[in-house]
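# sequence below, structure please.
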Amino acid sequence: MTATEMARAVGQEVYFVAGTLKFLCRIKDVKVGWGNPRFLIVPVSGNGERWCEFTSLSPVVLEKQVWHKQEQSNGTIRRIQ
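I've put the predicted structure just below:
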């Protein structure tokens with residue numbers, strides 16, 4: 001991950017995934033440790049912060065685009081797994 005990519009990630013909204021739970025969070029900081037990017041996330045609603053691996057995050061933008069496309073295609077909103 002380049003410094004430019006890390007700078008662009010700060011402020012983005014993501015889902016933090018823990019088992020079957022998903023929490024809407026915002027990326028506050030990014031660092032690289034042992035060659036792997038780590039993200040400091042804070043919840044959009046609530047308090048606290050946590051460093052996590054990229055594999056624990058799911059992009060919000062992608063999910064919103066999928067919901068939007070699905071809504072246009074059949075006129076209804078269905079939950080996407």
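
# for the longest strand that the chain contains, buried residues please.
Across the chain, the longest stretch assigned as strand under DSSP state E is strand 21-33. Going by neighbour count (16 or more other Cβ atoms under 10 Å), the buried part of strand 21-33 is 25, 26, 27, 30. Placement of C-beta: from N, CA and C, glycine included.

# which residues are in contact with it?
1, 6, 9-16, 37-45, 49, 51, 58, 60 (Cβ atoms under 8 Å, 6 or more residues apart in numbering).

# residue 37 versus residue 2, what's the distance?
For residue 2, the distance to residue 37 (Cβ to Cβ, to the nearest Å) stands at 10 Å.

# okay, those two: which has more neighbours?
Between residue 2 and residue 37, counting by other Cβ atoms under 10 Å, residue 37 is the more crowded of the two (14 against 8).

# got a list of what that one touches?
Residue 37 makes contact with 1, 6, 30, 31, 54 under the criterion Cβ under 8 Å, 6+ apart.

# check which helix or strand covers it.
strand 36-43 (DSSP states H and E).

# quick one: buried residues of the next helix or strand after that strand?
On the C-terminal side of strand 36-43, the nearest following helix or strand under DSSP H and E is strand 50-53. For strand 50-53, a neighbour-count test (16+ other Cβ under 10 Å) marks residue 52 as buried.
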